[in-house]
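In: Next one to model:
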Amino acid sequence: MTAPADTRARIEAWFDDHGLPYFTGDHADTVEGWLSSKRIVAALVLIIAVSIAAGVAVGAVWAEQGSVGTFVGVVVFLALLGLFAGRLLRMGTMLRWAARRTFGSLGLMFPLLTRALPLLLLAVTFLFINAEVWQVAALMSRHVLWLAVLFFAAIAVVFLLARLPEEVRQVERDVVGPRVAERCVGTPAEDAARSVTTEPADLPRFARANLVLVLLFNQAIQVLLLTLGLFAFFVVFGSLTIPDGTVEAWTGEGVTTLPSSLGQHIPLTNELFQVAVFLAAFSGLYFTVYAVTDETYRSQFFAGLSAELEQAVAVNAVYVSLPHEMSPH
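Out: So this is what the prediction gives:
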C-alpha cells in the first residue's frame, strides 16, 4: 500500500492542479495567518493609501475632469488588490484552473447560453436603437465609461457571491457514505478511499471559500466571453444599420473617430464603440442575474461542475482522514 506521506503529497499536488490551494493544510494555514493578523490590515491600508494618492495626483493634473482621478484611483486599487490576492492568497491558481476548464468545455456552454440569449438580445437590441441610450453612453468620457463597466462588474460579483455558497453546501451534503469512494476514482485518493470508514467532516471555512471562488471565476469567465461576443455583435450590427447621420441626430453632436492609435486601423466610430461597450457590460450583468435566479439554467450549469466539486469534497475527506485511517497500528 502506498505510504500515507506519498499519498498525501500526491493529493496535495492534485489539489494545486485543480485550483484548490486552500485544501492543502500549509497553504490554508498561511492564508489564515495573514487574514487573521494585523498584517492584512496594514496591507489593505497601504493599498488604499497608494490608490488615493494616485487618484489625487492625477486629479490635480486634470482638475477640470475630477472623475479622471477617481478612475485612476479605482484602477490602481484593483490592480494592487489583484496582485496581492493573486500571489499571497493563491487566487491565480484558481483562476488558471477555471480558465482551462472553461476553454476546454466551450461546446457545453452554447446549449446553456441559448436559454438566456434570445430574451437578452431582444432587450438589448431595443436599447441599442434607443436615442436616449446613445445620448448617455456615446457622450460619456472614456474613463466614466470604464467606471460604469467596473460598477456593473461589481454588482455581478455581489450577485454571484450571494448565491454560490448555497451550491457548495449542497455538494457537501451529497458527498456521504459510498459516494466518497465513488468520487475518488481516478484521483490520487482512490486507493486510500477504500479504507475511509468515517463520514466526511464539514469543509473548513477556507476550503469552502476555495470552492466558492473557483465557481466565481468559472462563471465570471463565461460572462466575460458572452460580453465580448455581444460587443462584437453590437459593433457589426451598428456598423451595418445605423448611419452617422442618425448618430448625430440622436446625440446632437458630430461623429468622432477612435483615438488616432486605434482609429487608423479600426473603421469604427468612437460613439459606436462606447455604446457597444456600455450595452455589452450591461448584458453581462443581466446574464449574471439570470444565471443565479433561473433554476433550470442553474441546474444545467452546475450539472457540469457538481461532479468536480463532489470529487474535491471526497478527496478532501480522504486527505484529512489519512493520519487516522492509514497510520500503521
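In: which secondary structure elements does the helix ranked longest in the chain contact?
Out: Using DSSP state H to define each element, the chain has its longest helix at helix 205-241. On a contact count with 3 or more CB pairs under 8 Å, 6 or more residues apart in numbering; DSSP states H and E, helix 205-241 meets helix 25-35, helix 91-104, helix 106-128, helix 142-174, helix 270-293, helix 295-325. Any C-beta I mention is one placed from the backbone N, CA and C, and that applies to glycine too.
In: Highest mean neighbour count out of these?
Out: helix 270-293 (a mean of 22; mean count of other CB atoms under 10 Å).
In: Now do that helix and helix 295-325, the angle between them.
Out: Between the axes of helix 270-293 and helix 295-325, defined by axes from the mean of the first three to the mean of the last three CA atoms, to 10 degrees, the angle is 60 degrees.
In: and helix 270-293, how far from the chain's centre?
Out: 15 Å (CA atoms, centre = their mean, to the nearest Å).
In: Tell me which other helices or strands it touches.
Out: Using 3+ CB pairs under 8 Å, 6+ apart: helix 270-293 touches helix 106-128, helix 131-137, helix 142-174, helix 205-241, helix 244-251, helix 295-325.
In: List just the one of those that sits closest to Ser51.
Out: Nearest of the helices and strands packed on helix 270-293 to Ser51, taken as CB to CB: helix 142-174 at 13.3 Å.
In: Let me see the mean pLDDT of the closest one.
Out: The predicted model assigns helix 142-174 a mean pLDDT of 88.
In: and Glu172, how far is that from Glu190?
Out: According to CB to CB, to the nearest Å, Glu172 and Glu190 sit 21 Å apart.
In: same thing with Leu228?
Out: 39 Å.
In: just Pro243 next, same as before
Out: Using CB to CB, Pro243 is found at 64 Å from Glu190.
In: Who has more neighbours out of those two?
Out: The neighbour count for Pro243 versus Glu190, taken as other CB atoms under 10 Å, is higher for Glu190 (15 against 12).
In: which non-adjacent residue is nearest that one?
Out: Cys184 (5.0 Å; CB to CB, 6 or more residues apart in numbering).
In: my read: the one you found touches Ala193, true?
Out: Yes. Assessed by CB atoms under 8 Å, Cys184 is found in contact with Ala193 at 3.8 Å.
In: Overlap in contacts, those two.
Out: Both Cys184 and Ala193 are contacted by 314, 318, under the criterion CB atoms under 8 Å, 6 or more residues apart in numbering.
In: so what's the residue lying closest to Val175 once chain neighbours are set aside up against?
Out: Leaving aside its chain neighbours, Val175 sits nearest to Val313 (4.4 Å; criterion: CB to CB, 6+ apart). Applying CB under 8 Å, 6+ apart to Val313 gives the contacts 171-172, 175, 183, 200, 203, 211.
In: Roughly how far does Val313 sit from Trp97?
Out: Val313 is 16 Å from Trp97, where distance means CB to CB.
In: now swap in Asn218 and tell me
Out: 9 Å.
In: For Val50, see how far away Phe84 is.
Out: Phe84 is 11 Å from Val50, by CB to CB.
In: That should have said Ile221, apologies.
Out: Taking CB to CB, one finds Ile221 at 28 Å from Val50.
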